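Peer 1: Quick check, what structure comes out for this input:
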Amino acid sequence: TDDAMKSKGAIKKAKRAKVEARRRESSLARSHSRPREPSQMGLKDEKSVDAVKKLDRLGRKEWKGASGEGDHRKTVHLVKWMNTGKKRMGTHYCR
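Peer 2: A predicted model of the protein is given here:
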């Protein structure tokens, strides 16, 4: 076989590369990043690729740069123990 002609280091390196490729493949399957190849997105020709790029740009035009300190909108988090036993006391909203 091929292993008989390779040195121990070369065999190890090939095995490590194989494992790494398998790991990377499963990682890419779980990835949320946009696929790089048009065929992965189901696009068959250049025309459809250009149309998708244009739609993407138009969608991004609506984004606003609201990420400053004053733009954080957080819901009110009521801690459970602060509201227990206040059902009929008229203070259910108190913290």
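Peer 1: By mean pLDDT, point me to the weakest helix or strand of this protein.
Peer 2: One helix or strand of the chain scores below all others by mean pLDDT, DSSP states H and E: helix 80-83, with a mean of 70.
Peer 1: Now do the same for the longest helix that the chain contains: mean pLDDT, whole number.
Peer 2: Secondary structure of the chain read by DSSP state H shows that its longest helix is helix 8-30. When pLDDT is averaged over helix 8-30, the result is 87.
Peer 1: any idea how far it is from the chain center?
Peer 2: 23 Å (CA atoms, centre = their mean, to the nearest Å).
Peer 1: immediately after it, which helix or strand?
Peer 2: helix 46-61 (DSSP states H and E).
Peer 1: Run through who's touching that following helix.
Peer 2: Helix 46-61 is contacted by residues 38, 41, 43 when judged by CB atoms under 8 Å, 6 or more residues apart in numbering. In this view, the C-beta of every residue, glycine as well, is placed from N, C-alpha and C.
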